[in-house]
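*Asks:* 3D model of this:
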Amino acid sequence: MKGRKWIKKITAAVLAAAIAVSLSGTGFLSKTVAYAAEEGAQAALPQQTPEEAFAAAGLVRSVYTNEWISAEQATIRPIAVMMPTDKIAQPSYGISNAKILYEIMEEGEISRQMAIIDDWTGLSKIGNVRSCRAYYLLEATEWDPILVHFGGVVYMKDRITAPDINNISGAQQYGVGGGSPGSGAFFRTTDRKAPHNAYTSAPGIVNACAELGYPLNLREGVYNPKHFTFAAGINTLEQYGAAAATANAIDLSQIYTYTKSAFVYNPADGLYYKSIHGKPQTDGLNGEQLKFANVIVQNTKWVKLDDKGYLAFQNIDNTEDGYYFTKGKCIHVTWQKMGDYMPTVYYDDFGNEIQLNEGKTYIAIAQKGRPVLYN
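*Replies:* All right, here's what the predicted structure looks like:
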């Protein structure tokens with residue numbers, strides 16, 4: 001049957017061209033002949049879907065955003081950069097390139113950010129770069145990144161020095177020792193005072209990796225390609241009916257009491273625009289305000305470790321909940337993470353894995369007991 005259909009299509013194309021030729025002598029222009037022949041030939045060819053066309057062009061879906069990227073780009077390890085939320089340290093440079101942005105509380109009621117940046121190789125200024133904490137490593141390893149930080153604390157001593165962790169540090173990597181691998185990748189500026197003036201760059205990271213023997217491509221056998229599940233089209237959350245609450249504004253001021261991080265939904269582009277300290281949070285490289293297709297609040301067990309206020313979070317768990325925000329709506333979720341290199345998976349209240357929308361994702365690792373407000 002298929003063969004007959006093809007014959008019919010090809011015959012129709014030939015007949016259309018022949019009729020056009022015969023009519024050309026009766027006043028039709030010669031271009032009519034060409035048009036008819038071209039139209040018939042196109043009808044005879046199978047048509048590619050957009051998905052097939054992108055794949056044929058050597059593009060693949062990004063594991064971070066589900067957008068089309070080159071196959072070569074998809075093999076490059078991302079960087080996980082520790083960036084401050086301090087008011088005096090704003091704006092950060094290169095932060096708008098983060099496809100995944102984590103925010104987690106630290107000691108002193110001040111949060112910090114970890115930017116997962118996959119397309120970092122063209123960035124001339126990244127940072128400023130601040131110190132790391134042990135619980136960031138459990139989030140970072142999901143992506144097999146090159147961790148970029150400026151020192152840390154003793155509680156991360158054992159993990160940061162493990163062979164599987166590839167880190168570049170501008171100071172002692174766990175605060176009181178461990179050396180500073182790749183410290184030559186950093187530079188300081190004169191426009192701010194330390195510790196808010198330490199930066200790195202793509203060439204600096206590449207050189208440090210060469211010096212330390214870190215691969216720039218995702219490590220086979222280490223990297224876990226399973227991450228988010230994305231919607232085939234646009235997920236409006238309408239399928240949840242009344243369980244999907246209106247969420248045009250997201251207020252994290254009771255979670256992050258210093259930064260008072262917040263989001264406002266823009267229906268024109270379907271994205272949430274982020275603010276910090278009551279002002280738009282922007283990128284120093286391009287002046288763009290940070291915006292996200294997906295916002296996740298992940299309630300997490302936590303404890304205070306000592307009198308200095310250092311914290312610990314139970315990042316590996318399967319009993320906690322949170323919220324998923326997208327397209328001006330919100331649903332309740334639960335989450336599960338089984339190990340270092342395992343993904344954090346989010347489920348709706350029916351036990352189905354949630355489907356994220358194409359684009360960037362912000363994840364607030366929230367101290368359990370601190371509420372998120374939205375309306």
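*Asks:* Quickly list what His149 is bridged to.
*Replies:* Beta-bridge partners of His149, counted by DSSP bridges, are Ser169.
*Asks:* One more: Arg112?
*Replies:* Pro84, Ile104.
*Asks:* how about it, what does it touch?
*Replies:* Met82, Met83, Pro84, Thr85, Glu103, Ile104, Glu106, Arg130, Arg133, Tyr136 (C-beta atoms under 8 Å, 6 or more residues apart in numbering). Every C-beta, even on glycine, is put in place using the N, C-alpha and C of the backbone.
*Asks:* Compute the number of surrounding residues for Gly309.
*Replies:* Counted with other C-beta atoms under 10 Å, the neighbours of Gly309 add up to 12.
*Asks:* What of Thr229?
*Replies:* 14.
*Asks:* From Phe228, how far off is the closest residue to it other than its chain neighbours?
*Replies:* Leaving aside its sequence neighbours, Thr229 sits nearest to Glu353 (C-beta to C-beta, 6 or more residues apart in numbering; 5.0 Å). To Phe228, Glu353 is 9 Å away according to C-beta to C-beta, to the nearest Å.
*Asks:* Name the residue in those two with the higher neighbour count.
*Replies:* Set side by side, Glu353 and Phe228 show more neighbours around Phe228, with 20 against 13, by other C-beta under 10 Å.
*Asks:* Low-confidence ranges, the stretch 51-200 of the chain, go.
*Replies:* Nowhere does the stretch 51-200 of the chain drop to pLDDT under 70.
*Asks:* Show me where it has its strands.
*Replies:* Secondary structure of the stretch 51-200 of the chain (DSSP state E, counting those that start in this stretch): strands at 59-61, 68-70, 79-84, 98-105, 111-117, 126-127, 146-149, 167-169, 186-188, 198-200.
*Asks:* export the ones you listed to JSON lines and tack on distance to Lys157?
*Replies:* Below are the strands of the stretch 51-200 of the chain laid out as JSON lines (distance: least, C-beta to C-beta, whole Å):
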{"stretch": "strand 59-61", "distance to Lys157": "38"}
{"stretch": "strand 68-70", "distance to Lys157": "36"}
{"stretch": "strand 79-84", "distance to Lys157": "17"}
{"stretch": "strand 98-105", "distance to Lys157": "19"}
{"stretch": "strand 111-117", "distance to Lys157": "19"}
{"stretch": "strand 126-127", "distance to Lys157": "24"}
{"stretch": "strand 146-149", "distance to Lys157": "14"}
{"stretch": "strand 167-169", "distance to Lys157": "13"}
{"stretch": "strand 186-188", "distance to Lys157": "21"}
{"stretch": "strand 198-200", "distance to Lys157": "21"}
